[in-house]
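Participant: Need a 3D model of the following:
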Amino acid sequence: MKFYNKYFSNLYFFRGFSLILLSVISLSAQIPENLAEVSLSSEFKSVKPGDSGWLLIEVEVEPDWHMYWKNAGQSGYPTTIEWESEGAEIGSLKFPTPKAYEFLEMIIYVHEGKFTLLAEITVDDDFEGDVVTIGGKLSTLICNEENCIPYDVDLAIDIPVGDKTEKISAKSSLVEQAMKRWPVKPPSGANFSAIVVGDKVNLEISHPSLSDLDPTTFYFFPESEFVGHLLKQEFSLDSENGTLNLSLPINSDINPPDQLSGVLSHPGLAKAWQAVWEMESVNYGSVTVSNDKGPIKYQAVEEDMGMGVLQLFMGMVVIAFAVWLYGKGTAPGVVKNIRNRYQISALGFVILGIWLAYPSKEVPSEEKIEWGIWSPELETKLKEEGRAIYIDYTARWCASCIANKRVYEFDSIIELFKEKEIVALRADWTDRGPVILESLQSYGRFGVPLNVYHPSLSEDPAQPVILPEILTQSNVTQAVEEGRVSVGEGELSFLAIIGFAALGGLILNLMPCVFPVIGLKVMSFVKQAGEDPAQIKKHGLVFTLGVVLSFWLLVGVLLGLRESLSEDLGWGFQLQEPVFVFALAVFLLIFAMSLSGVFEIGMSMTGVGAKLTQSGGLSSSFFSGVLATVVATPCMAPFLGVAVGAALTMEWLPAFTVFTFVALGLSSPYLLLSIFPKWMSKLPKPGAWMDTFKQAMAFPLYGTVVWLLWTLQSLL
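Facilitator: A predicted model of the protein is given here:
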């Protein structure tokens, strides 16, 4: 029962799903640049090396729109700035007290109208230039009740360097005004305590000034991802001694931080309080957590990465397929031996479905890598002790991340981690929280997958090693043993990469989310066998053209984004966008229902028009190629992963060449059958089996829809 409660109690999926629907059906297109104005300035007229001051990020958001705080709450994306500077250190962003905003029964933390963010800057003592150049990129979401639009803006400023520091009085005044909107330290004498009981944390603050305040108008904004969120926070207040209590959920998948912190606001307080509970004072039931030095201990990671619920629904799809098989076997006119085959097959698939769906617990094994939950505090402590650390930044919705997990099952990798005494940590970014995002940005990344190896202090060089996006047994071994990794041509020649690309594209035809599309398109040869061979050859070429052009478009977008963002982008990145995942799931569901006979949109329909393929037109073959490309990207084969990972580090022409061979590999079955039409004589003759085959092909698509919805749930 615990298994089912764990996976079915999350109602935020449906709330977020409604938010996506509202965004999709909105009729008004918005230009992000028109929704907010952001400017960067400093309080310096000139600055002396070694001195400190403030950078000002002045923001004005359009009426009825909002921007997120450093913790977005139950939905949204935190506001961050990735800084670039030489000769200066820039501190963390300082935010004014946020506002709690309720929408679709979710609570989010936002800023509206005009506000100013601050960041402290300290110029290096040994800086010798005439100007300190500061650059940054602000990233956030700007939302109203109908739309959420990603907002990115580049910021830049040059600060003159002189023999003495001079400040601009108007800017210093703005800094003072911005600081007045900060939460303040609680008054002296305030006492803080916390206790974790089960899946909740009970927070307590005591101070006489709280005694006369209305407990129903308090609000607490948690800063740590360890603490969860509630739509309605219920405070209790003991007015005799001014003791305020609040119970909040916790995220058990995250290691407890060194301190719990947040902002406590109330209309009766002159300013909100910056509340902090040090870890020494946080009790877990009857056990006190201590920060004393000692052996490293961490919370073990769940190995399934949330795969249990996916297996449950996949099992249901398999059982549904078994029921369909049994129904086919009992249809009138089916001979006895065929009926027996259907029934035996149905029984086998029922057993398989139950095996997939049954909530079993894996028996612990000594021969595996033990993963702990990453936290910045744990990483710092491990580095101080000189330990070797391997960090896997991952997410449930990241197909490449899940595919990479296979590498950690090799005996040689398990032995290597054991021999080197490597502490393996996993940073789960499924909820896209700000703490892991900040860590990703420290490596110049904005997303997952990311795998980083930190050698022990005894190793030379003791510098972090960033692994390729697609992991192999070879590159993980090289990173750990040699402290480096080879990229692209360093491991594979260009001809080998092309070969792997073509082979990977061919393998994609066997993947569950591609085979129904390709299979149904090849099935159309059976219908076309009596037509003009030249016409059939045209269909093959047009299908191949659709695949190639789609791959060219996608690689062009990928490389364009790589150039504009100056970072490596991953294959299948579109599956990190909820709208894309939702649209693809709806499209494939409609297609699957058509195959099942719920309604007819064309027997060999693999494009986007309702009746494009009933006439066998060339447009049908072209859109079949486009669809094959769209549904192929989530199903990355191992060979294709290596080739694509290398291609995304190349210049434009070689990258386009590699992706062209991926496209040719994917389209090769159809292309070969169209060029050599005599091979079609080996295909079975048309008959009732075609309708059965069509219906059977619906079930892999239903499985793909389940996977996409499982992915979408983790994005909301």
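Participant: from here on, contacts and neighbour counts on C-alpha atoms
Facilitator: Will do.
Participant: How are the strands of the stretch 51-200 of the chain distributed by residue range?
Facilitator: 52-61, 66-73, 80-85, 88-94, 99-103, 106-111, 114-123, 131-143, 148-160, 166-167, 191-197, 200-206 (DSSP state E, counting those that start in this stretch).
Participant: Figure out how far the third one is from the centre of its chain.
Facilitator: This means strand 80-85. 21 Å (C-alpha atoms, centre = their mean, to the nearest Å).
Participant: mind listing what's buried in it?
Facilitator: 80-83 (16 or more other C-alpha atoms under 10 Å).
Participant: Kindly report the same for the fourth one.
Facilitator: Of the residues in strand 88-94, those scored as buried under the neighbour-count criterion (16+ other C-alpha under 10 Å) are 88, 90, 93-94.
Participant: Make CSV from the residues you listed and add distance to residue 498 to it.
Facilitator: As requested, those are arranged in CSV below (distance: C-alpha to C-alpha, whole Å):
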residue, distance to residue 498
88, 45
90, 44
93, 46
94, 49
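Participant: contacting residues for residue 407?
Facilitator: 413, 471-473 (C-alpha atoms under 8 Å, 6 or more residues apart in numbering).
Participant: again, 10 Å this time
Facilitator: Contact partners of residue 407, counting by C-alpha atoms under 10 Å, 6 or more residues apart in numbering, are 413-414, 470-474, 476.
Participant: now residue 405
Facilitator: By C-alpha under 10 Å, 6+ apart, residue 405 lies in contact with 303, 392, 394, 471-472.
Participant: could you dump those to JSON lines with pLDDT?
Facilitator: Formatted as JSON lines, these follow (pLDDT from 0 to 100):
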{"residue": "303", "pLDDT": "51"}
{"residue": "392", "pLDDT": "93"}
{"residue": "394", "pLDDT": "87"}
{"residue": "471", "pLDDT": "84"}
{"residue": "472", "pLDDT": "85"}
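Participant: Buried ones among those residues?
Facilitator: 392, 394, 471-472.
Participant: contacts for stretch 179-192?
Facilitator: 94-98, 115-118, 173-174, 203-210, 242-244, 262-265, 270-278, 281-282.
Participant: Residue 341: which of the strands of the stretch 51-200 of the chain is closest?
Facilitator: The closest of those to residue 341 is strand 106-111. By C-alpha to C-alpha, the value is 51.6 Å.
Participant: So which elements touch that closest one?
Facilitator: Here strand 106-111 touches helix 12-25, strand 52-61, strand 66-73, strand 99-103, strand 131-143, strand 219-222, going by 3 or more C-alpha pairs under 10 Å, 6 or more residues apart in numbering; DSSP states H and E.
Participant: any idea which helix is longest in this structure?
Facilitator: Longest helix of the chain, by residue count under DSSP state H: helix 533-565.
Participant: which residues sit in contact with the closest residue to residue 60 other than its chain neighbours?
Facilitator: What sits nearest to residue 60 in space, not counting adjacent residues and going by C-alpha to C-alpha, 6 or more residues apart in numbering, is residue 114, at 4.3 Å. Listed by C-alpha under 10 Å, 6+ apart, the contact set of residue 114 reads 36-38, 58-63.
Participant: Tell me which two in these are the farthest apart.
Facilitator: Across these (C-alpha to C-alpha), the longest gap, 16.0 Å, separates 58 and 63.
Participant: neighbour-wise, which of the two wins?
Facilitator: Each of residue 58 and residue 63 has its neighbours counted (other C-alpha atoms under 10 Å); residue 58 has more, 17 against 12.
Participant: who does that one bridge with?
Facilitator: When assigned by DSSP bridges, residue 58 has beta-bridge partners residue 39, residue 116.
Participant: Quick check: it touching residue 95?
Facilitator: No - counting by C-alpha atoms under 10 Å, residue 58 does not reach residue 95; the two are 11.4 Å apart.
Participant: which neighbours do the two share?
Facilitator: Residues touching both residue 58 and residue 95 (C-alpha under 10 Å, 6+ apart) are 115-118, 178.
Participant: Just the buried residues of the residues you listed.
Facilitator: 115-118, 178.
Participant: quick one: which two of the residues you listed are the most distant?
Facilitator: Farthest pair in these (C-alpha to C-alpha) is 115 and 118. Separation: 10.1 Å.
Participant: Low-confidence stretches in the stretch 1-150 of the chain?
Facilitator: Per-residue confidence for the stretch 1-150 of the chain (pLDDT under 70) gives these ranges: 1-32, 104.
Participant: do that again at 50, thanks
Facilitator: Along the stretch 1-150 of the chain, segments meeting pLDDT under 50 span 1-29.
Participant: what do you get for the stretch 551-700 of the chain?
Facilitator: Scanning the stretch 551-700 of the chain for pLDDT under 50 picks out 565-573, 601-615, 636-639, 641-642.
Participant: Recalculate using a threshold of 80.
Facilitator: Scanning the stretch 551-700 of the chain for pLDDT under 80 picks out 554-555, 557-588, 590-652, 655, 669-670, 673-698, 700.
Participant: For the nearest residue to residue 66 once chain neighbours are set aside, grab the count of nearby residues.
Facilitator: Take residue 66 and drop its neighbours on the chain: the residue closest to it by C-alpha to C-alpha, 6+ apart is residue 112, 4.9 Å away. Applying other C-alpha under 10 Å, we find 18 other residues in the vicinity of residue 112.
Participant: which ones are touching residue 112?
Facilitator: 59-68, 98-99, 142.
Participant: where's residue 309 relative to residue 471, distance?
Facilitator: To residue 471, residue 309 is 26 Å away according to C-alpha to C-alpha, to the nearest Å.
Participant: typed the wrong thing, it's residue 392
Facilitator: Using C-alpha to C-alpha, residue 392 is found at 11 Å from residue 471.
Participant: Now list whatever residues contact both of these two.
Facilitator: Shared contacts of residue 392 and residue 471, counting by C-alpha under 10 Å, 6+ apart, come down to 401, 404-405, 449-451.
Participant: By neighbours, which of those residues wins?
Facilitator: Counting neighbours by other C-alpha under 10 Å, residue 449 comes out on top of the shared contacts of residue 392 and residue 471 with 25 neighbours.
Participant: That one against residue 401, yeah?
Facilitator: Yes - when contacts are counted by C-alpha under 10 Å, residue 449 is listed as touching residue 401 (5.5 Å).
Participant: which neighbours do the two share?
Facilitator: 392-395, 469-471.
Participant: what number of residues lie near residue 169?
Facilitator: Residue 169 has 12 neighbours, counted by other C-alpha under 10 Å.
Participant: quick one: pLDDT of it?
Facilitator: Note for residue 169: predicted pLDDT of 92.
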